[in-house]
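Engineer: Have a look at this prediction, sequence included:
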Amino acid sequence: MTGFTGHIPGSREYRRLLAGLFFAGIATFAQLYSPQAVLPLLASEFEVSPATAALAVSAATLGLAVAVIPWSILADRIGRVQAMTIGIVAATALGLAAPLSADVITLLVLRLAEGAALGAVPALALAYLSEEVDPRHAAAAAGSYIAGTTLGGLSGRLVSGPIADLAQWRTGLWAAAILCALSAVAFLLLVPRARGFTPVVRGGARITTRLAVNLRTPAQLALYAQGFLLMGAFVAMYNYLGFHLTHPPFSLPGWIVTSLFVAYLAGTVSSPWAGALASRHGRLPVLLASIAAMAVGTVLMLAPFVLIILAGLLVMTAGFFGAHAVASGWAPASARPDTRAQASSLYYLGYYGGSSLFGWSLGYVFDAGGWGVFLGAVVAMCGGAAAVAVGALRTH
């Protein structure tokens, strides 16, 4: 609509937009990560290794990574809200079907399809936000959205884990899927209609051209690398921490290990804080500080004491979500206006590609080298992300 410059904080539409995306985040990320809390149970029931059990998470994130570009193409034609609606509804149906799996292969196939459907929200939410929010407040709004995704990831784990301990992993996943269905309804009721979206018409830049514009931009590539490396490290940590703590010398019961997922609340706090700091002091310093916090928290988890491990997990989680809030909002904000959906999709392609690759492959590092070598690999990935950021983002 001509003259529309974006919703501003305090307006009714701004509040509805953030609330709608908050529930979209729960509907998406509770489903995506609910199996993470029951991975030891999956490994036991299907008699598979930790790395194979972790494929229940990696299959979904792989499906999501593959689907983000197609979702951006569809959304350029039918609209961001309409595409997100289709994805959330389809994912909810698949999430209810996945616990019916009789074997691990069936489960992985359903999780792959579920992840592809879930890709609509992370692929499009920040592009939608960047078009609908006043540019001066976009970084802070992105931080608020990421905070909602942390609660989504946390709620899925905290629902599935304890219920699985009381009943079985199937019941735990069903409970998480029901939560997601309710959140999807809230999203549909709250999210405001788009006013800043312009459909791609015949004669506009083709999708390959819009993708190429971003892939030829060093700063964009550096931001995609942040998602690839940092998300890979983060998901691997949460995948294998449960195995570390349920084995000697800790031998903790499953319900205690599941309760450690409350560390996600650190990300709920750090995401909007990082977004606000980035608006005031610049994105790069906040990004680097967040990566440093990830590395420090990871080193703390080398300690043989559960309380210190928990403290390290809190610091690592806060750092990750701070970095993600900055990088994920930076990608579409710095892209050419007609390529924002593709910039956001490419960021999430790297983000979930890293989750799928490292969430699975670092399991072999954990098996072969032990916890200390695994933590060393995570710190090295943080160092690589920081080096790329310093090299490519200093002037942006």
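Structural biologist: That came through fine. Residues are numbered from 1 along each chain as shown.
Engineer: which other residues reach stretch 130-139?
Structural biologist: With contact meaning C-beta atoms under 8 Å, 6 or more residues apart in numbering, stretch 130-139 is reached by 5-9, 14, 17, 80, 129, 141-142, 192, 194-197, 275-276, 278-279, 283, 326, 329-330, 332-333, 340, 344. No exception for glycine: its C-beta is placed from N, CA and C like everyone else's.
Engineer: And residue 133, its phi and psi?
Structural biologist: Main-chain torsions, residue 133, degrees, to the nearest 10: phi -110, psi 140.
Engineer: Tell me where the stretch 251-396 of the chain has helices.
Structural biologist: Counting by DSSP state H, counting those that start in this stretch, one finds helices in the stretch 251-396 of the chain at the ranges 254-259, 264-281, 283-300, 306-334, 340-393.
Engineer: deepest of those, which one?
Structural biologist: Comparing the helices of the stretch 251-396 of the chain by mean neighbour count (mean count of other C-beta atoms under 10 Å), helix 306-334 comes out on top with a mean of 25.
Engineer: That one - what's its average pLDDT?
Structural biologist: Mean pLDDT, computed over helix 306-334, is 93.
Engineer: And the helices of the stretch 251-396 of the chain: which comes nearest residue 26?
Structural biologist: Closest approach to residue 26 among the helices of the stretch 251-396 of the chain is made by helix 264-281 (11.7 Å; C-beta to C-beta).
Engineer: Mind giving me the packing neighbours of that closest one?
Structural biologist: helix 138-166, helix 283-300, helix 306-334 (3 or more C-beta pairs under 8 Å, 6 or more residues apart in numbering; DSSP states H and E).
Engineer: relative orientation of it and helix 138-166 in degrees?
Structural biologist: 180 degrees (axes from the mean of the first three to the mean of the last three C-alpha atoms, to 10 degrees).
Engineer: quick check: angle from helix 264-281 to helix 283-300?
Structural biologist: Using the same axes, to 10 degrees: helix 264-281 against helix 283-300 is 150 degrees.
Engineer: by how many degrees do helix 264-281 and helix 306-334 diverge?
Structural biologist: Going by the same axes, to 10 degrees, helix 264-281 makes 40 degrees with helix 306-334.
Engineer: Could the C-alpha coordinates of helix 264-281 be exported in CSV?
Structural biologist: This file holds the C-alpha atoms of helix 264-281, laid out as CSV (Å, rounded to 0.1, in the frame of the first residue of the first chain):
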residue,chain,number,x,y,z
TYR,A,264,16.4,-22.2,26.8
LEU,A,265,14.9,-19.4,28.9
ALA,A,266,18.3,-17.8,28.7
GLY,A,267,17.7,-17.4,25.0
THR,A,268,14.3,-15.9,25.6
VAL,A,269,16.0,-13.1,27.6
SER,A,270,19.1,-12.7,25.4
SER,A,271,17.3,-12.5,22.0
PRO,A,272,15.3,-9.3,22.5
TRP,A,273,18.2,-7.8,24.5
ALA,A,274,20.7,-8.5,21.7
GLY,A,275,18.3,-7.0,19.2
ALA,A,276,17.9,-3.9,21.2
LEU,A,277,21.7,-3.6,21.8
ALA,A,278,22.2,-4.1,18.0
SER,A,279,19.9,-1.2,17.3
ARG,A,280,21.8,1.1,19.6
HIS,A,281,25.5,0.0,19.2
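Engineer: What about residue 7? Give its phi and psi, please.
Structural biologist: The phi/psi pair for residue 7 (degrees, to the nearest 10) is phi -70, psi 150.
Engineer: Return the set of residues that bridge with it.
Structural biologist: Note on residue 7: beta-bridge partners by DSSP bridges are residue 133.
Engineer: quick one: it and residue 261, what's the gap?
Structural biologist: Taking C-beta to C-beta, to the nearest Å as the measure, residue 7 falls 33 Å from residue 261.
Engineer: Using CSV, write down the CA coordinates of stretch 106-124.
Structural biologist: Extracted as CSV, the C-alpha positions of stretch 106-124 are listed here (Å, rounded to 0.1, in the frame of the first residue of the first chain):
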residue,chain,number,x,y,z
THR,A,106,9.1,-44.6,9.0
LEU,A,107,9.7,-42.1,11.8
LEU,A,108,12.5,-40.4,9.9
VAL,A,109,10.5,-40.2,6.6
LEU,A,110,7.6,-38.5,8.5
ARG,A,111,10.0,-36.2,10.3
LEU,A,112,11.6,-35.2,7.0
ALA,A,113,8.2,-34.3,5.6
GLU,A,114,7.2,-32.5,8.8
GLY,A,115,10.4,-30.4,8.6
ALA,A,116,9.7,-29.4,5.0
ALA,A,117,6.3,-28.2,6.0
LEU,A,118,7.7,-26.4,9.1
GLY,A,119,10.1,-24.5,6.8
ALA,A,120,7.5,-21.9,5.9
VAL,A,121,7.8,-20.0,9.2
PRO,A,122,11.6,-19.6,9.6
ALA,A,123,11.9,-19.0,5.8
LEU,A,124,9.3,-16.2,5.8
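Engineer: so how far is that stretch from its chain's centroid?
Structural biologist: Here stretch 106-124 is found 13 Å from its chain centre; the criterion is C-alpha atoms, centre = their mean, to the nearest Å.
Engineer: which stretches of this protein have low pLDDT?
Structural biologist: Filtered on pLDDT under 70, the chain yields the residue ranges 1-3, 5, 198-205, 396.
Engineer: neighbours of the residue nearest to residue 313 when sequence neighbours are not counted, just the number please.
Structural biologist: Distance criterion C-beta to C-beta, 6 or more residues apart in numbering; nearest residue to residue 313, sequence neighbours excluded, is residue 263 at 4.4 Å. Using other C-beta atoms under 10 Å, the number of residues around residue 263 comes to 23.
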